[in-house]
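1. below: sequence and its predicted model.
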Amino acid sequence: MSKILIPVDFSEDSLTAIQYACQLISQNERKQEVDFVHVFTHHSNSYVNRQAYPIEDPQVKISEKHMAKLLTNVRNEHPDMTFNSIFKEGNLFEEISKITAEFDYDAVVMGTKGSSGLEAIFLGSNTYDVILNTKTPVLGVPQNTKGLQKDRVGLLCNFKEGEIEVLQHAIKLIGNEFELVLIYVNKDDRRISDIDVQFKGWIEEIINRTGIQNISYTIKPQVLYNRAAENVSHAISNVLIDEQIDFLLITRSRKSIFRRLVEENIVRKMAYNMTIPTLFAPVRSK
């Protein structure tokens, strides 16, 4: 069974993530179920002793009503898809980690600015633990995402094995009919001719192992990424605009560009200013 997990707080932003995920599934030959999870995070101490003094949190009934309405709407709109609901109580990040540890989801799809704290997925103190340590790819969908576009998929490239794994994760979600744009940061000021040679071999490897046929690459100077976190995230955003990237892939490994960005506190800025859907995918290879 193949599934996608979507945290929902019934805001417009989480609905954007749902709509985007449904578009992903509908165009994918590999059909997936969708689990909606709502985590109650605002229970007070007044409910600790509810076994002795049964008191029902009114928010529970409200959320159950919202979930029932959501399920009715999506089932009517997508009758060929299967939707399930999950309710949890506790810390949002911890509950998502527990759920994904119990089932091998293809991805966790999240709106990046939900009204009940979904923005904290990227901005909170537990952000890096979730993104770096979970075994499940995390797809962030910006609030201004209008629909599924995947003509040009960008990958921050460092010629590492993990990039193949990230592409394999992405193919599960969006197929392989897209132009892959490899984005290389020339941090060591290497000769362009040497990088071109390395790209030739790397592109052949990607084609053989993923089936992606349409591949291009761009080499960016290190000077774009040498400034403060705000400017670095802005530089990356500019690269995405210049290259007309629709969907971004970022690896999560100690040797990836992502690790360097994390160490420089740039991912926080990137996520907050995310302009296109971005898949943060784990790397199991060493």
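-> Arrived safely, thanks for sending.
2. how about the strands in the stretch 1-150 of the chain?
-> 3-7, 33-40, 83-89, 107-111, 138-141 (DSSP state E, counting those that start in this stretch).
3. what does the third one contact?
-> The one in question is strand 83-89. Counting by Cβ atoms under 8 Å, 6 or more residues apart in numbering, strand 83-89 makes contact with 33-40, 43, 63-64, 67, 71, 74-75, 95, 98-99, all of which sit outside it. Where you see a C-beta, it was placed from the backbone N, CA and C, and this is true even at glycine.
4. burial of His78, as a residue count?
-> 15 (other Cβ atoms under 10 Å).
5. returning to that earlier point: I'd like the strands of the stretch 1-150 of the chain as a markdown table, with mean neighbour count appended.
-> Putting the strands of the stretch 1-150 of the chain into a markdown table (neighbours: other Cβ atoms under 10 Å) gives the following:
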| stretch | mean neighbour count |
| --- | --- |
| strand 3-7 | 23 |
| strand 33-40 | 20 |
| strand 83-89 | 15 |
| strand 107-111 | 25 |
| strand 138-141 | 25 |
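6. can you list the ones you listed in a markdown table and add mean pLDDT?
-> As requested, those are arranged in a markdown table below (pLDDT from 0 to 100):
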| stretch | mean pLDDT |
| --- | --- |
| strand 3-7 | 92 |
| strand 33-40 | 92 |
| strand 83-89 | 94 |
| strand 107-111 | 87 |
| strand 138-141 | 87 |
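7. could you dump those to JSON lines with distance to Ser193?
-> What follows is the strands of the stretch 1-150 of the chain, written out as JSON lines (distance: least, Cβ to Cβ, whole Å):
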{"stretch": "strand 3-7", "distance to Ser193": "43"}
{"stretch": "strand 33-40", "distance to Ser193": "48"}
{"stretch": "strand 83-89", "distance to Ser193": "53"}
{"stretch": "strand 107-111", "distance to Ser193": "38"}
{"stretch": "strand 138-141", "distance to Ser193": "36"}
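8. who's Leu249 bridged to?
-> Beta-bridge partners of Leu249, counted by DSSP bridges, are Leu155, Leu279.
9. and it, what does it touch?
-> 153-156, 166-167, 170, 278-279, 281.
10. try it again with 7 Å
-> For Leu249, the set of contacting residues under the criterion of Cβ atoms under 7 Å, 6 or more residues apart in numbering consists of 153-155, 166-167, 170, 279, 281.
11. from those, which is closest to Leu139?
-> Leu139 lies nearest to Leu279 out of the contacts of Leu249, by Cβ to Cβ, at 4.9 Å.
12. that closest one against Leu139, yeah?
-> Yes. Leu279 sits in contact with Leu139 when judged by Cβ atoms under 7 Å, with a separation of 4.9 Å.
13. the nearest residue to Val37 once chain neighbours are set aside and Ile174, how far apart?
-> Excluding the flanking residues, the one nearest Val37 by Cβ to Cβ, 6 or more residues apart in numbering is Ile86, at 4.2 Å. Distance from Ile86 to Ile174, counting by Cβ to Cβ, to the nearest Å: 25 Å.
14. tell me the bridge partners for the nearest residue to Tyr20 once chain neighbours are set aside.
-> With sequence-adjacent residues excluded and distances taken as Cβ to Cβ, 6+ apart, Tyr20 is closest to Val141, at 4.8 Å. Beta bridges link Val141 to Gly111, judged by DSSP bridges.
15. might you list the low-confidence residue ranges for the stretch 51-200 of the chain?
-> Counting by pLDDT under 70, the stretch 51-200 of the chain shows low-confidence ranges at 51-57, 113-133.
16. the residue lying closest to Gly90 once chain neighbours are set aside and Thr72, how far apart?
-> With Cβ to Cβ, 6+ apart as the measure, Val39 is the residue that lies nearest to Gly90, at 6.6 Å, once sequence neighbours are left out. Taking Cβ to Cβ as the measure, Val39 falls 21 Å from Thr72.
17. what do you get for Phe159?
-> The gap separating Phe159 from Thr72 is 48 Å, by Cβ to Cβ.
18. between those two, who's got more neighbours?
-> Set Phe159 next to Thr72 and count neighbours by other Cβ under 10 Å: Phe159 wins out with 14 against 11.
19. which residues are in contact with that one?
-> Contacts for Phe159 (Cβ under 7 Å, 6+ apart) come out as 198, 202.
20. tell me the secondary structure for it?
-> Using DSSP: H, G, I helix; E, B strand; the rest coil, the three-state assignment for Phe159 comes out as coil.
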